[in-house]
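# only the shape, not the letters, is given here:
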């Protein structure tokens with residue numbers, strides 16, 4: 001109960017900081033970090049709330065949330081890979097144009113190492 005309330009309050013604070021950051025400078029990288037932390041805290045609070053609810057629908061929503069959290073890094077890696085290919089085609093094959101492609105390969109490598117460790 002206390003963890004849920006704390007996670008939701010922290011999510012609210014971080015998302016308010018995100019909105020303030022967007023109003024100040026939309027292009028700042030800290031906005032992406034704040035948005036990610038806000039959604040992560042919101043998902044944590046929602047998962048705790050759904051786990052305590054006895055309804056069948058809440059358990060289905062909890063399972064959906066767990067699956068979404070599990071495939072999130074794969075979706076990000078897929079987007080980064082696609083962005084890296086587009087950048088390489090449009091801008092040429094240079095190191096700075098391949099950074100998103102390398103980030104995607106790094107994410108997939110970390111997932112492969114985690115699976116191999118199990």
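Everything's here; your move. These numbers were taken from a predicted model, which means no experiment stands behind them.

# check contacts around residue 78.
Contacts for residue 78 were tallied using C-beta atoms under 8 Å, 6 or more residues apart in numbering; they are residue 104. Where you see a C-beta, it was placed from the backbone N, CA and C, and this is true even at glycine.

# can you point out the buried residues in the helix or strand in which it is found?
Secondary structure from DSSP states H and E places residue 78 in helix 56-91. By neighbour count on 16 or more other C-beta atoms under 10 Å, the buried set for helix 56-91 is 61, 62, 65, 77, 80, 81, 84, 87.

# and of the residues you listed, the nearest to residue 41?
Proximity of those to residue 41, judged by C-beta to C-beta, is greatest for residue 65, which lies at 13.3 Å.

# count of neighbours near the closest residue to that closest one other than its chain neighbours?
Distance criterion C-beta to C-beta, 6 or more residues apart in numbering; nearest residue to residue 65, sequence neighbours excluded, is residue 47 at 5.6 Å. Using other C-beta atoms under 10 Å, residue 47 has 17 neighbouring residues.

# what's residue 47 sitting at in phi/psi?
Residue 47 adopts backbone torsions of phi -60, psi -40, taken as degrees, to the nearest 10.

# separation between it and residue 35?
18 Å (C-beta to C-beta, to the nearest Å).

# how much space between the most centrally placed residue in the chain and residue 84?
Nearest to the geometric centre of the chain sits residue 36, at 5.3 Å (C-alpha atoms, centre = their mean). Residue 36 sits 20 Å away from residue 84, going by C-beta to C-beta.
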